[in-house]
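Q: here's my sequence, what's the structure:
(one chain, ligands or ions: 1)
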Amino acid sequence: MTAVLQARHLGKRYRRRWALSECTFDVPAGRVVGLVGPNGAGKTTLLSLAGGLLTPTAGTIEVCGGRPGADRAQLARVGFVAQNTPTYARLTVADHLKLGARLSPRWDAGLARQRIQRLGLRSDQQAGSLSGGQRAQLALTVALAKRPELLILDEPVAALDPLARREFLEDLRDATAEQELSVVHSSHLVSDIERVCDHLIVLVASRVRLAGDVRELLATHRVVTAPRLDPAALPAGLHVVSADHTDRQTTMLVRSDSGVDDPAWMTSPVSLEDLALAYMSQSVPVPEALR
Ligand SMILES: Nc1ncnc2c1ncn2[C@@H]1O[C@H](COP(=O)(O)OP(=O)(O)OP(=O)(O)O)[C@@H](O)[C@H]1O
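A: Presented below is the predicted three-dimensional model:
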């Protein structure tokens, strides 16, 4: 497996507070990765470290085999769109494309032009007079046309209307299928993640609580409904992610690599959204062996 992103004991401290701590994970190349977590979990910090905008306080991070932002070649491999989708207010749409072309060795002018036309943006319009969603689309177009190996997007769809959001996510999926592109994007909209992502990272309180291939995660988690039982009395190898009890019944999300086969239990698959939300709201950290 070639990793496009590799973090080892990665940490970032702002003054006395750790925004990110002991993060160790790999992101395989060619994936669309969804990064989810509650407000303040450390998503922007992690993406900024990957984009080379911040340097780690502890541990290491490698992107496309090198240190983020180390040199021009490394910068060319990564497209980054920050949370506030930065554009230059005085520059026109066409100026942004010209600037992208000058700064990016693999610039795809055809892709940029087509996308701008499809979005209905006027080339002579200044970015400062575009709507928030249009500015986001412009920033995304520049990042995609750069033809990076890794595209890092910090809440790229937050400013887009639902239709534009769906189209953008489809663009992302097509781009990863057509070119050797990996994407890491953060979002609060877990349903969007469900639509396009094949890899998930859940970040909670500055730590990675869950990371893995979506298909594998869905295969190893089940919703179990059983007569009321004590989660502590469960067979070894079953990890309870969340549990709800009524007087007579217990409903749990469990993780097991070897299946759940008690005949007294009813089991059903879990959606990615419910899985992510269960880990996000979990107060007890998951044992390291299961992450
Ligand atoms: N420049 C900074 N100086 C001090 N603390 C910071 C700074 N940037 C972030 N933090 C703190 O680090 C923690 C993680 O912030 P971060 O922006 O990475 O979270 P996030 O998961 O992206 O949140 P959100 O979903 O709200 O955008 C927060 O507690 C935040 O207050």
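
Q: give me every residue in this structure lying close to the ligand.
A: Contact residues, the chain versus the ligand (Cβ under 6 Å from any ligand atom): 14, 19, 37, 39-45. All C-beta spots, glycine's among them, are computed from the backbone N, C-alpha and C.

Q: can you pull out the strands in the stretch 151-291 of the chain?
A: Listed in chain order, the strands of the stretch 151-291 of the chain (DSSP state E, counting those that start in this stretch) span 182-186, 199-204, 207-213, 221-227, 239-245, 249-255, 266-268.

Q: does anything pack onto the shortest one? Which helices or strands?
A: Think strand 266-268. Applying 3 or more Cβ pairs under 8 Å, 6 or more residues apart in numbering; DSSP states H and E, one finds that strand 266-268 contacts strand 221-227.

Q: export the host helix or strand of residue 60 to PDB, keeping only CA atoms.
A: In this structure, residue 60 sits in strand 58-63 according to DSSP states H and E. Output in PDB follows, covering the C-alpha atoms of strand 58-63 (Å, rounded to 0.1, in the frame of the first residue of the first chain):
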ATOM      1  CA  ALA A  58       5.500  16.600  18.000                       C
ATOM      2  CA  GLY A  59       5.800  13.600  15.700                       C
ATOM      3  CA  THR A  60       6.000  13.600  11.900                       C
ATOM      4  CA  ILE A  61       3.700  14.000   8.900                       C
ATOM      5  CA  GLU A  62       4.600  13.000   5.400                       C
ATOM      6  CA  VAL A  63       2.600  13.900   2.300                       C
END
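
Q: state the mean pLDDT of it.
A: Throughout strand 58-63, pLDDT has a mean value of 96.

Q: how far off centre is the very next helix or strand once past that strand?
A: With elements assigned by DSSP H and E, the helix or strand that comes after strand 58-63 is helix 72-77. Between the centre of helix 72-77 and the centre of its chain there are 21 Å (Cα atoms, centre = their mean, to the nearest Å).

Q: next SSE after helix 72-77?
A: strand 78-81.

Q: quick one: contacts of the very next helix or strand once past that next one?
A: On the C-terminal side of strand 78-81, the closest following helix or strand by DSSP H and E is helix 93-103. Here helix 93-103 makes contact (Cβ atoms under 8 Å, 6 or more residues apart in numbering) with 87-88, 91, 107, 109, 112-113, 116, 121-125, 127, 130, 138, 141-142, 145-146.

Q: return helix 93-103 as PDB; C-alpha atoms alone will do.
A: C-alpha atoms of helix 93-103 as PDB (Å, rounded to 0.1, in the frame of the first residue of the first chain):
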ATOM      1  CA  VAL A  93     -11.700  35.000 -12.400                       C
ATOM      2  CA  ALA A  94      -9.400  35.000 -15.500                       C
ATOM      3  CA  ASP A  95      -6.600  36.400 -13.400                       C
ATOM      4  CA  HIS A  96      -6.900  33.600 -10.900                       C
ATOM      5  CA  LEU A  97      -6.600  31.100 -13.700                       C
ATOM      6  CA  LYS A  98      -3.600  32.900 -15.100                       C
ATOM      7  CA  LEU A  99      -2.000  32.900 -11.700                       C
ATOM      8  CA  GLY A 100      -2.700  29.200 -11.300                       C
ATOM      9  CA  ALA A 101      -1.200  28.400 -14.700                       C
ATOM     10  CA  ARG A 102       2.000  30.400 -13.800                       C
ATOM     11  CA  LEU A 103       2.400  28.700 -10.400                       C
END
